[in-house]
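J.: Okay, predicted coordinates and the sequence, questions at the end:
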Amino acid sequence: MEWPDGKVRCSWANPKNERYIRYHDEIWGVPVHDDQKLFEMLILECFQAGLSWECVLNKQEAFQRAFDGFDLEQVCAYGEEKLEEIRQDPGIIRNRLKIRAAVANAKVFRAIQQEYGSFSDYLWNWTDGQVVHEVGESCSPLSDAISRDLKRRGMKFVGTTIVYAYLQAVGVVCSHEEGCFLAGTEGNRPSG
């Protein structure tokens, strides 16, 4: 595919969506160690279940607004009134089960932080802090194991495919395709 800037990208990147291109170029596959960002990406990935990531990405600002900037403590404290307010927001994916799961998952996320010191320490412990390089997969033994553990802890919408997409998004798994201008560079980019 010909890209106007001459850079070759992964085949999934939509050249007609500037937001998606920026996501591919600047976010996807960059190792993340910041719990705030890890929480946001986890909630967004859970909303992706059964949908395209592009659909969720296009609604990211609305999700940030609806979920109070993904402030973990606020999300953990949501009651029925706030859940209904979120469900009425036309800017997000208004799936009642996913909205409820976001709150339940926030509480599990916080419990993991308390157990491990940070969610980042929990997540990166699975790979001894190393980036895993895999291309062309939608799940793996790693995503299977993390999915099982998160479900055991009470998280919802964290099947192995969603967990694998999450691992790719936060740079635990590097999946830039051969020929992509970012293939092989993720471990060298700054984490955030």
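T.: On my side now, so go ahead. Numbering: from 1, shown residues only.

J.: How about the helix ranked longest in the chain, which residues are buried there?
T.: Using DSSP state H to define each element, the chain has its longest helix at helix 96-116. With burial defined by 16 or more other CB atoms under 10 Å, the residues of helix 96-116 counted as buried are 98-103, 105-110, 112-113. The way it works is simple: take the backbone N, C-alpha and C, and place the C-beta from them, glycine included.

J.: For those, give me CSV that also has distance to residue 45 and pLDDT.
T.: Listed next are the buried residues of helix 96-116 as CSV, based on distance: CB to CB, whole Å; pLDDT from 0 to 100:
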residue, distance to residue 45, pLDDT
98, 11, 97
99, 15, 98
100, 16, 97
101, 11, 97
102, 11, 98
103, 16, 98
105, 10, 98
106, 14, 98
107, 17, 98
108, 14, 98
109, 12, 98
110, 18, 98
112, 16, 98
113, 18, 98
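
J.: one step back: so which other helices or strands are in contact with the longest helix of the chain?
T.: Contact here means 3 or more CB pairs under 8 Å, 6 or more residues apart in numbering; DSSP states H and E; on that basis helix 96-116 packs against helix 35-48, helix 72-76, helix 80-87, helix 119-125, helix 141-153.

J.: For those, could you give me TSV that also reports mean neighbour count?
T.: Formatted as TSV, those follow (neighbours: other CB atoms under 10 Å):
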stretch	mean neighbour count
helix 35-48	21
helix 72-76	16
helix 80-87	13
helix 119-125	19
helix 141-153	16
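
J.: so which of these comes closest to residue 131?
T.: helix 119-125 (9.5 Å; CB to CB).
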